[in-house]
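Chemist: Prediction below, plus the sequence it came from.
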Amino acid sequence: MTAAAGDTLVPDPAAPVPFAGGRTGDAPLTWGQRAIWHAIGRTAPNDHYFNIGRVLPLADRGAVVDLHRLTGALAALVVRHEALRTRIASGDGGAPRQRLYSQGQLEVRVHDVPERAGAPGAADALLSSLVARRFDYADEWPVRFGAVRHEGRITHVVMALCHLAADGHAAEVLVRDLRLLARRGSAGPVCAGNPLDLAHHQASPAGRRSGRAALAHWERGLRAAPPTMFPTPVAEPRTPRFWTGRLVSAALPRAVDALAAAHRVSGSTVLLTASAALVAAGQGHPVAAVMPIAGNRAAEGHRTLVTTLSQDALFVLRMDEVAGPDAGFTDLLAGAWPAALAGYRAAAYDPADWDALLERAAVERGTEVHPYCCFNDMRLVERPAAPGRAPLPDELAALRRRSVLDFPATQDRVACRYCLHVSGDDSALTVTLTADTAFLPPDTIHAHLRAIEEVVVTASAGNPPLLTELPGLLAAEGAVR
């Protein structure tokens, strides 16, 4: 929005982005799209929660990009990636199907700033407005564009993406391609894969066999774990019911790297194991079942495919196999690494078959079977830990004094009870926990976040907490209520 005379707010002007080229087609949803479609159904009308946003700075270097050049680049981007010109419509029997169009028109909202210094803030505000609205899946293109302009030059491009069209990895592919298209007019070879062909493959006999093999891993894992991680409400739910706690820690990057290097695992596995162990300890479970989000990008042709491939994996942490009163947190890592890999390898399957599996498991066990415990490491590229000495306790203590803990958001409806997200870089990690306050009240949300930092930092300094000590970390005082 732009301020006009008399402080009246008027909409930012929109420039048309017509596109034409490519094929048309119709197909069922891919497995990744179906997983998101089901999540949307459980979350609506708050399904804007799944929207993905990106900001592309363009004024830092390279050729000047004006509005004409930008609209041409955006049109080329939409033609290049079929997912951006695909809508979801009801097929026979009401089942959703994806329909690919060869031509149409989008628009880009243009926000002018009088001072270049105000461009980054304007881009962030524009992004917030574009991702705050749910998509009309049948009648709206699955991407919204915005741009910030200063004295005729585009300084930032903003993209709001429907999660049915792209996941986090695909969003980064789009940012890369748009940067090249805007500056050079070309983005190189087009990915050979596309969502329609993937959907047809997944519906084939070979695709069905692959999906059944993945669900066999789920069946074995669920049998070994409790029916759910959080079986009993412990408090009256707050209003709104779901609270997001956030930890920003400058100590975690160095501590995670040190543990990963010492135990020859990934940093993501360190954090996944810490969260799973604390969930199990807090609930008195000998086994933890957590659903990490898997990118499913290892297959040939999937690396630069723009679609949503991510699905839930199953990570089963057998704390009961690390016995003895002297067992510590780091004793879990040797088994956690292959368990995580096994889960990620079995994360592509038909969500309808997954639902059927959980229904059969519920009948067999006489209760609902679902972990309701999720983990999402949103760092798209995890680099190997830099060589060097482990951080000293005093160094980590100094970094921990800079940690910030707060509650940045609340929501009325989320289809889970414990959703942990990790983001950040070498300077700090941001760990957010969105939880159902009937099962994890606000003080418990913060206690889990503090305990993750405590476990990882103390372990990296050579003093891993005993497994028997983990419940006490969650009972620590001082959580923000």
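Modeler: Yes, it's here.

Chemist: residue contacts, T273?
Modeler: 317, 329, 332-333, 336 (Cβ atoms under 8 Å, 6 or more residues apart in numbering). Bear in mind the C-beta positions are built from the backbone N, C-alpha and C, glycine included.

Chemist: How far does the helix or strand in which it is found sit from its chain's centre?
Modeler: For T273, the host element (DSSP states H and E) is helix 267-283. Centroid separation between helix 267-283 and its chain, computed with Cα atoms, centre = their mean, to the nearest Å, is 18 Å.

Chemist: And stretch 119-137, by the same measure?
Modeler: Using Cα atoms, centre = their mean, the offset of stretch 119-137 from its chain centre is 18 Å.

Chemist: For the protein, which segments count as helices?
Modeler: With DSSP state H, the ranges of helices along the chain come out as 31-43, 67-80, 119-131, 168-184, 195-202, 205-224, 252-263, 267-283, 333-345, 351-365, 393-400, 442-460, 470-474.

Chemist: Y372 is nearest to which of those helices?
Modeler: Of all the helices of the chain, helix 267-283 sits nearest to Y372, with 10.2 Å by Cβ to Cβ.

Chemist: quick one, the closest one and helix 252-263 angle?
Modeler: Angle between the axes of helix 267-283 and helix 252-263 is 100 degrees (criterion: axes from the mean of the first three to the mean of the last three Cα atoms, to 10 degrees).

Chemist: Give me the angle between helix 267-283 and helix 333-345.
Modeler: Using the same axes, to 10 degrees: helix 267-283 against helix 333-345 is 100 degrees.

Chemist: Alpha carbons only: can I get helix 267-283 in CSV?
Modeler: The C-alpha coordinates for helix 267-283 follow below in CSV (Å, rounded to 0.1, in the frame of the first residue of the first chain):
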residue,chain,number,x,y,z
GLY,A,267,24.1,-31.0,12.2
SER,A,268,20.4,-31.6,11.3
THR,A,269,20.6,-35.0,12.9
VAL,A,270,22.0,-33.5,16.1
LEU,A,271,19.0,-31.1,16.4
LEU,A,272,16.5,-33.8,15.4
THR,A,273,17.9,-36.2,18.0
ALA,A,274,17.9,-33.5,20.7
SER,A,275,14.3,-32.6,20.1
ALA,A,276,13.2,-36.2,19.8
ALA,A,277,15.0,-37.2,23.0
LEU,A,278,13.4,-34.3,24.9
VAL,A,279,9.9,-35.1,23.7
ALA,A,280,10.3,-38.8,24.7
ALA,A,281,11.8,-37.8,28.1
GLY,A,282,9.1,-35.3,28.8
GLN,A,283,6.3,-37.8,28.1
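
Chemist: Show me which residues of that helix are buried.
Modeler: 267-283 (16 or more other Cβ atoms under 10 Å).

Chemist: Also stretch 72-92?
Modeler: 73-88.

Chemist: average model confidence for it?
Modeler: Regarding stretch 72-92, the rounded mean pLDDT is 94.

Chemist: Would you mind measuring the gap between the ends of it?
Modeler: Terminal residues of stretch 72-92 lie 37 Å apart, using Cα to Cα, to the nearest Å.

Chemist: what do you get for stretch 304-318?
Modeler: Span of stretch 304-318 from end to end, Cα to Cα: 35 Å.

Chemist: what sits against the residue nearest to N194 when sequence neighbours are not counted?
Modeler: Closest residue to N194 apart from its sequence neighbours, by Cβ to Cβ, 6 or more residues apart in numbering: E82 at 4.8 Å. Residues in contact with E82, defined by Cβ under 8 Å, 6+ apart, are 22-23, 100, 194-196, 306.

Chemist: Need those residues in JSON lines (columns: distance to H169).
Modeler: Shown next, in JSON lines, are the contacts of E82 (distance: Cβ to Cβ, whole Å):
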{"residue": "G22", "distance to H169": "22"}
{"residue": "R23", "distance to H169": "24"}
{"residue": "L100", "distance to H169": "21"}
{"residue": "N194", "distance to H169": "16"}
{"residue": "P195", "distance to H169": "14"}
{"residue": "L196", "distance to H169": "19"}
{"residue": "V306", "distance to H169": "9"}
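
Chemist: now, among the residues you listed, which is nearest to G146?
Modeler: Distances from G146 to the contacts of E82, taken by Cβ to Cβ, are shortest for V306, at 19.1 Å.

Chemist: From V17, how far off is that closest one?
Modeler: 17 Å (Cβ to Cβ, to the nearest Å).
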